[in-house]
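Novice: Generate coordinates for the sequence data below:
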Amino acid sequence: MATYLATVLSGVEDATPGFYPFEAPDDLFSATADKIVRKFFEHVDKDLFHHHVDYEVNAATKSKDGTTVTAMGALVLGNGSELPFLLRISPQP
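Specialist: Model prediction:
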């Protein structure tokens, strides 16, 4: 297992970035950007919210050197409203 760091910026005005380390297989970055984002949200469900969190990814891409994934999307809240987010995931050194 390896440690990765997800940095999340929400669409809330004046929001502070969130930094979320998580464990995943050493070869996570051999997967597609979408699968890497999905692995982070599995961590969110299990370890942060302790229940499933609905989300929609509008775009996800991996850097040319394969060391960073960026994604844009929205968390879908219980009342049906959406909270936009920007997400950056990279391996921890």
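
Novice: For L77, grab the count of nearby residues.
Specialist: Per other CB atoms under 10 Å, the neighbour tally for L77 reads 11. All C-beta atoms are positioned from the backbone trio N, CA, C, and that covers glycine.

Novice: Secondary structure element holding the residue nearest to it when sequence neighbours are not counted?
Specialist: Counting by CB to CB, 6 or more residues apart in numbering, L77 lies nearest to L83, which is 6.2 Å off, once chain neighbours are set aside. Using DSSP states H and E, L83 sits within strand 82-91.

Novice: Adjacent strands (with direction) for that strand?
Specialist: strand 2-10 (antiparallel), strand 69-76 (antiparallel) (DSSP bridges).

Novice: Tell me the buried residues in the first one?
Specialist: Going by neighbour count (16 or more other CB atoms under 10 Å), the buried part of strand 2-10 is Y4, A6, V8, S10.

Novice: which one of those is nearest E23?
Specialist: Nearest to E23 among the buried residues of strand 2-10: Y4, at 7.7 Å, using CB to CB.
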